[in-house]
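Student: The amino acid sequence is not available; the structure is as follows:
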């Protein structure tokens, strides 16, 4: 029998008790993994094991696909009209609202992000996403193209069937909502693998999905490792679409597996090394605040992190002074302390990786202007770090670090900075700070990225498409665009009068 | 001054508090300058239920001012789509909570059976609010390439502004939802004039508007007489759009008023949307499933006691199946129980008022006197209540009044035809074009005939069933514009094109 995770929170920002099943969620039930094994879930703030959850194998993925297929053919898919799917998704959103604090606390415990930010940011974003897609459910129309004496031709935008979804550990609940909401809204059934590092909010959501009244098998969650469960999903012959958010490295494997198995449709949301370009005439204080937010929010563990900050010569010194001050004033510490902005990195692996990038920066001759060391002596905390005097070919400038490490680069020439900004295999996001409208628009339009921010950073909404150019990904999530990822177009040609000789 | 009345619903013993004032700025108030009241009648008993404040022209001015103020401050472009969505969903929840009591008052005032009011009228209305809640945060414009080096253009789909909405008495709650939901979803504010015959549920729903948390002035409700409140709204210079459902006669007056008042409306006929009458044809081909077709035909003319703009009031049956079908039809029509709305057995209620009752009977008399043959009904009941039983005329000719005019009661004219062409020609021989139905199992025929029928809604092997996501409206003199579906959003948004130059230099002088 899978274990029940019970935990009492007694913290300055949240007091409460949680208790829920940690099995695999298949066909509406919580079950053990086929091998009977479990995965330990670690609290990155103190390196202690929180609990263990059931571990899935490829066999469990098969079981999940069976359940998903059955649901799709009977109680879900187009057997459940759009407005009913909408009611269920709205009900789920309402339940999430009721359990906001609990979800935020689980997220902070499991991922290390600050509780207050998890509550005002992550949980709210996830709820808004579910509600937004609840509104699309009965509005998925095809087109009528020909209505002549001889031909009646129309399209249907049908659900695909069973879709596989693999999500990362950096914003587990948001990623969960971003994936399931559009997929369920369009009538697909889902087999989802949360990150093995952060399964708790996903599992808690499964309970809410049952409570909301979704038929069994519509959503299935199989916790496990990338090279077992993730691999099983991407190569499964009966999963006809896989959506992945995570590293570019893993993204390649998934696309390869899709190609080698059944050519399933793939959408990928991968890494970035997003440039933040600050011109002389930027509003300095605002630029500093947004730059800090862009580089260090979520412990720097954001695919859109503004990790390359280009500052024009005229304001460079002033910017650096202010930016350094603000960076040093970031409160790093216990996720459950009221004024914490930055928590620990997710795991020892990530911690080591980030520290090795910092080392490589030093070895390559870049200068650590602030930070660069571990914070405290418990948990995976790293000081917010600024590098200066970098060269374009340094690893810390080219590669995604995924930690609280930014590089600040001085520039003179507008054209050259655009060239530098675009000189990356990535293309997820970019930002421009300037008061000159012409420059804002023309620069923004020249940058090769899926999300462009003018005088802001990392602003998003459930109604705005999100995704990457180049090696940052394939496809767009959110907004009406997301519906394309989860529907298949069928053209129906009805012959009304053509005769064949 | 307390603006409520407590009434007891005789059949259930339930005591309901109903607001009776004008709903302006989220409060129920008296008229600013008039002591007039509207007597609200129970059509099953002919007794007065209560009276409500009758709005005057000045009251309309006050309401429009409130709607304008809200539009400029707390609504319109000052509120996000997400917030509008949230509020509409909240309103739907409240309506669901109060379903039973709303149904009982709807039945008391309009006459329709309680169970139909609850499960269909109100059930559909709740879904309508939820449907448009889903659109509120999805109203997008386009970006348009001009010259990437110097200029870009984009469109904004902005709310039209202050909307006057005038609704009829046949589906009071449902018509309220059809108007309110898309207007609010798009960011418009509203001055609603419910029918003077059926103002009660509109006032109760106004209370829910306040409870849901809509800012004051976003929705205002002014029951008043058509020539007073309706005229005032359609002439008002500060109302950006009028949406009206009702008779074609009144529709003309509204459009004329719109043209004569603010010049804007004269240039943009789109700013008036009208959903008017119909004399909808219902065609039965020989390949039809006769039993089902007869069921749909009955539904088509008898639902809501025939008080439906799309009532299938002209039935055309192919010669080869005429006798068989007619027998089926008459037999089924007889089975409908028309009675008090609170009686479980009732499938239909009285017609809404004495005026309607008299009008319907005058048509029945006209049918008789012009030589049409009565095969069902035609006898007045004794006793209280505006009850009209199912009435079927055969042997009709196209020039008869009962065939040409909209009767708006449970009175059906049945004609016959030989060929498909004849059926289409008979069906289209009307100045109306709201609904039409055809029954056939020949797919090609279904496509041909549905293509040829001049109506805004064509039903194949069905009748009368609508969907919140499917557009609805009329061709020809049945109306302008479309309600429901994504199409309704066009009625409540105005497109603004923005040309943003960031590099093009102007040469001067020319």
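Tutor: Arrived safely. Note that the structure is predicted; figures quoted are calculated from it, not measured.
Student: For the closest residue to chain B within chain A, which non-adjacent residue is closest in space?
Tutor: Nearest residue of chain A to chain B: residue A:135, at 2.7 Å (CB to the nearest CB). For the C-beta atoms, the positions are set from N, CA and C on the backbone; glycine is no exception. Nearest residue to residue A:135 in three dimensions, chain neighbours excluded: residue B:134, at 2.7 Å (CB to CB, 6 or more residues apart in numbering or on different chains).
Student: I'd like the next helix or strand past the helix-or-strand element of chain A with minimal mean pLDDT.
Tutor: Between all helices and strands in chain A, the lowest mean by mean pLDDT, DSSP states H and E belongs to strand A:144-147, at a mean of 89. Counting by DSSP states H and E, the next helix or strand C-terminal to strand A:144-147 is strand A:151-159.
Student: what are the pairing partners of the helix or strand that that following strand is followed by, and which direction each?
Tutor: Under the assignment DSSP H and E, the closest C-terminal helix or strand after strand A:151-159 is strand A:162-166. Using DSSP bridges, strand A:162-166 pairs in its sheet with strand A:189-193 (parallel), strand A:241-245 (parallel).
Student: Could you check how far stretch B:140-156 is from the centre of its chain?
Tutor: Offset of stretch B:140-156 from its chain centre (CA atoms, centre = their mean, to the nearest Å): 38 Å.
Student: Adding distance to residue A:372 as columns, could you present the strands paired with strand A:162-166 in TSV?
Tutor: Compiled in TSV, the strands paired with strand A:162-166 are given as follows (distance: least, CB to CB, whole Å):
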stretch	distance to residue A:372
strand A:189-193	35
strand A:241-245	29
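Student: Same list, the ones you listed, but as TSV with mean neighbour count please.
Tutor: Shown next, in TSV, are the strands paired with strand A:162-166 (neighbours: other CB atoms under 10 Å in any protein chain shown):
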stretch	mean neighbour count
strand A:189-193	29
strand A:241-245	25
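Student: quick one on the thing from earlier: residues making contact with the host helix or strand of the residue nearest to residue A:135?
Tutor: If you go by DSSP H and E, residue B:134 is part of helix B:123-135. Contact with helix B:123-135 is made by A:83, A:86-87, A:90, A:134-139, B:84-86, B:88-89, B:91-92, B:95-96, B:99, B:173-174, B:176-178, B:180-182, B:184-185, B:466, B:468-469, B:484, B:486, B:488-489, as judged by CB atoms under 8 Å, 6 or more residues apart in numbering or on different chains.
Student: who are the neighbours in contact with the residue nearest the centre of chain A?
Tutor: Against the mean C-alpha coordinate of chain A, by CA atoms, centre = their mean, the closest residue is residue A:175 at 4.2 Å. Neighbouring residues of residue A:175 by CB under 8 Å, 6+ apart: A:167, A:168, A:245.
Student: isn't the first one right up against residue A:176?
Tutor: Spelled out, it's residue A:167. Yes. Residue A:167 lies in contact with residue A:176 (CB atoms under 8 Å); the separation is 6.1 Å.
Student: anything in contact with each of those two?
Tutor: What both residue A:167 and residue A:176 touch, as defined by CB under 8 Å, 6+ apart, is the set A:192, A:194, A:202.
Student: And the last one, how close does it get to residue B:406?
Tutor: Taking CB to CB, to the nearest Å as the measure, residue A:202 and residue B:406 are separated by 59 Å.
Student: ok, now the first one?
Tutor: Spatial separation of residue A:192 from residue B:406 under the definition CB to CB is 56 Å.
Student: what do you get for the second one?
Tutor: As judged by CB to CB, residue A:194 and residue B:406 stand 61 Å apart.
Student: Of those two, which one has the most company?
Tutor: Here residue A:194 and residue B:406 are compared on neighbour count by other CB atoms under 10 Å in any protein chain shown; more neighbours surround residue A:194, at 29 against 21.
Student: Now do the domain split for the chain, please.
Tutor: Since no chain was named, I'll use chain A. In terms of domains, chain A is parsed into A:58-270+A:468-489, A:275-454 (source: automatic domain parsing).
Student: Not quite, go with chain B.
Tutor: Split by automatic domain parsing, chain B gives B:4-276+B:474-496, B:281-460.
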